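Trainee: pasting a predicted model and its sequence here:
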Amino acid sequence: MSGSVVVVGGGFGGLGCAHRLAHHDVEVTLVDRNDYHQFQPLLYQLATAQVGVADIARPLRGVFHKAKSVRVVTGEVVAIDPAQHRVELAGGTTLDGDVLVIAAGAQPNFFGTPGAAEHAFPLYSVEDAERLRSRMLGLLDSVDRDPALVDKGALTIVIVGAGATGVEAAGAFAETLKDIVPHAYPGLPVDRAQVVVVDRGDVVLNGFSERAHDYATRRLQADGVDLRLGVGVAEVGSAHVELTDGTELATHLVIWAGGEKAAGVVADAGLPTGRGGRVDVDADLTVPGFVDVYAVGDAANVPGPDGTVLPQLGSVAQQSGRWAAKNILAGFDGEERKPFDYHDKGIMAMIGRNAAVAELGADRHEIHGPLAFAAWLGVHATLLEGSRQKLAALMTWGWDYASKKRPHALVDRPDAYAIDWDDDDTTSAADNQAGD
Ligand SMILES: Cc1cc2nc3c(=O)[nH]c(=O)nc-3n(C[C@H](O)[C@H](O)[C@H](O)COP(=O)(O)OP(=O)(O)OC[C@H]3O[C@@H](n4cnc5c(N)ncnc54)[C@H](O)[C@@H]3O)c2cc1C
């Protein structure tokens, strides 16, 4: 058996696939716009300076330095030709193989909310998290210089979406403002800080159990988080957010955790797409009509055991990537490809210090509080790529827990750090087009 495979995306799905293929007589080309793998579940910790970039991003060439059959290419894929199993990179280079695996992940979905694409801060990449951290530091430094800016919403953080990402971000920012900021900025009026979570639904942690909803709600409220449920975001400006009930909040930091859709390059590939613009795949993870094209992870509607689509989770991406590799090898050997069999290990979400929820295994054995907190840390340390990262994460968490200091609180995105306090722009792309 031998063949060649192009894998688009070095996230959980792409790495799962490439790792499995690396042990076989297959030429793998792994292409990503970044030269690193990013661990999305810890992005909110990067945004709140709990961990540093090197703790959650690992160079792809380092990941595969021992796998001679895996070639890592850094480049932006701008076009996918599924019929030819070919992709085109910005600059014109093309890459093709006997098989194509689409593992390009997701991007934020702003659902056409005016101003959101321009002014909100999404949390899907290392770059997003660095921008967020720089903005947070810009706000704190501004209030440190001029406390009156609190009246302009300088200490108001609005988080759109009360799912796992929104809850984790809310817990982390609330804790940072309450416990960490007073050490670094003595005298800052943190008692006037607000973390507001907005969601159209009526529970936090949708997808988890009712007990988890109640636990997370109580815990967030105990940390002073203002939950606005049953209401959406009508508009985001550079200095405010307007809710669908007419409420307007002054803020310079709107974090978008309000939904996602498939990566942009997927939309134009002429593939069958369904919910969230994700590629619909058959049970064996191939794309209908393209026998040698697979789609996995967040870029695909990955079918579960009962045919329903599985949620966008690291475990689904990783397992579907590995399964695609198994089927690719079966295809090269002329053997039958098997339907994807997801091994459900459960779901978990961190809320704050000693507070998390975990629903373990397919039967969802539920734990809350310090035990779930410890389980969350253990599971996420294990999932990190590379021994150095695992060790570094555990040391960083231990340091953070004990010292309440954030050595990673650095400004590296000056554009996000700088705030024009006299501006309140609401211009959206739609407005721009209308004016053209
Ligand atoms: C903030 C956050 C927290 C999360 N927390 C958890 C959690 O606690 N537990 C959990 O199970 N899941 C969590 N998830 C979900 C989980 O991270 C995703 O389901 C998983 O990363 C999907 O893996 P993937 O490989 O499909 O996509 P990704 O990990 O997004 O990887 C896609 C890759 O494709 C690359 N790419 C995209 N487009 C192009 C292009 N045009 N050209 C070149 N490269 C491209 C990207 O750079 C990226 O490296 C979280 C997600 C987020 C955003």
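Mentor: Happy to help now that I have it. Numbering: from 1, shown residues only.
Trainee: got the contact list for Val281?
Mentor: Counting by CB atoms under 8 Å, 6 or more residues apart in numbering, Val281 makes contact with Val287, Pro288, Tyr294, Ala295, Val296, Ala300, Asn301, Val302, Pro303. To be clear about C-beta, it is placed using only N, CA and C from the backbone, and glycine gets the same treatment.
Trainee: per-residue pLDDT, it?
Mentor: Looking at Val281, its pLDDT is 98.
Trainee: using the three-state scheme, assign Ala358.
Mentor: Assigned with DSSP: H, G, I helix; E, B strand; the rest coil, Ala358 falls in the strand class.
Trainee: looking at it, it is touching Ala374, isn't it?
Mentor: No - using CB atoms under 8 Å as the test, Ala358 is too far from Ala374 to be in contact (9.6 Å).
Trainee: higher neighbour count, these two?
Mentor: Neighbour count, other CB atoms under 10 Å: between Ala358 and Ala374, Ala358 has more, with 24 against 14.
Trainee: just to revisit the earlier point, out of the contacts of Val281, which comes closest to the ligand?
Mentor: Val296 (6.5 Å; CB to the nearest ligand atom).
Trainee: what's the spacing between the closest one and Pro303?
Mentor: 12 Å (CB to CB, to the nearest Å).
Trainee: out of those two, which sits in the more crowded spot?
Mentor: With other CB under 10 Å as the criterion, Val296 and Pro303 differ in neighbour count, and Val296 comes out ahead with 34 against 20.
Trainee: who are the neighbours in contact with the more buried one?
Mentor: Counted by CB under 8 Å, 6+ apart, Val296 has contacts 13-14, 16-17, 101-103, 281, 285, 302, 317, 320-321, 323-324.
Trainee: how does it look with 7 Å?
Mentor: Neighbouring residues of Val296 by CB atoms under 7 Å, 6 or more residues apart in numbering: Gly13, Cys17, Val101, Ala103, Leu285, Val302, Ala317, Ser320, Gly321, Ala324.
Trainee: repeat for Glu27
Mentor: Taking CB under 7 Å, 6+ apart, we find Glu27 in contact with Ser4, Ser69.
Trainee: looking at the contacts of Val281, which is nearest Leu410?
Mentor: Closest approach between these and Leu410, by CB to CB: Val296, at 34.7 Å.
Trainee: restrict the contacts of Val296 to those near the ligand?
Mentor: Near the ligand, judged by CB under 6 Å from any ligand atom, the entries from the contacts of Val296 are Gly13, Ala103, Ala317.
Trainee: per-residue confidence for the last one?
Mentor: By that I understand Ala317. On the pLDDT scale, Ala317 gets 97.
Trainee: from the ligand, how far off is the closest residue to it other than its chain neighbours?
Mentor: Among residues not flanking Ala317 along the chain, Gly297 sits closest, at 3.2 Å (CB to CB, 6 or more residues apart in numbering). With distances taken as CB to the nearest ligand atom, to the nearest Å, Gly297 is found 2 Å from the ligand.
Trainee: burial of the closest residue to Gly386 other than its chain neighbours, as a residue count?
Mentor: Distances taken as CB to CB, 6+ apart place Arg58 nearest to Gly386, at 5.1 Å, with adjacent residues excluded. Using other CB under 10 Å, Arg58 is surrounded by 20 other residues.
Trainee: surely Arg58 meets Asn34?
Mentor: No - the criterion here is CB atoms under 7 Å, and Arg58 misses it with Asn34 at 10.7 Å.
Trainee: tell me how the protein divides into domains.
Mentor: 3-33+75-108+261-332, 116-258+346-417 (automatic domain parsing).
Trainee: got TSV for the ones you listed, with distance to Ala54 too?
Mentor: Formatted as TSV, these follow (distance: least, CB to CB, whole Å):
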stretch	distance to Ala54
domain 3-33+75-108+261-332	16
domain 116-258+346-417	7
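Trainee: worst mean pLDDT among the ones you listed?
Mentor: Looking at the domains of the chain, the weakest mean confidence is domain 116-258+346-417, a mean of 93.
Trainee: just how off-centre is that domain within its chain?
Mentor: 13 Å (CA atoms, centre = their mean, to the nearest Å).
Trainee: for stretch 50-59, same thing?
Mentor: The answer for stretch 50-59 is 14 Å, by CA atoms, centre = their mean.
Trainee: tally of neighbours for whichever residue of the stretch 101-250 of the chain sits closest to the ligand?
Mentor: Residue nearest to the ligand within the stretch 101-250 of the chain: Gly105 (2.4 Å; CB to the nearest ligand atom). Close neighbours of Gly105, defined as other CB under 10 Å, add up to 27.
Trainee: what about the residue in the chain sticking out farthest from the centre, distance to Asp128?
Mentor: Centroid-distance maximum for the chain: Gly334 at 37.0 Å, with CA atoms, centre = their mean. Note on Gly334: its distance to Asp128, by CB to CB, is 44 Å.
Trainee: try Glu210
Mentor: 32 Å.
Trainee: ok, Val204 next?
Mentor: In terms of CB to CB, Val204 sits 22 Å off from Asp128.
Trainee: same question for Phe373.
Mentor: For Phe373 relative to Asp128 (CB to CB), the value is 25 Å.
Trainee: quick check, Gln38 in contact with Ala54.
Mentor: No - Gln38 lies out of contact with Ala54 (CB under 7 Å); the separation is 11.5 Å.
Trainee: nearest residue to the residue positioned nearest the centre of the chain other than its sequence neighbours?
Mentor: Among the residues of the chain, Tyr124 comes closest to the average C-alpha position under CA atoms, centre = their mean, at 3.8 Å. Nearest residue to Tyr124, sequence neighbours excluded (CB to CB, 6+ apart): Pro108, at 5.9 Å.
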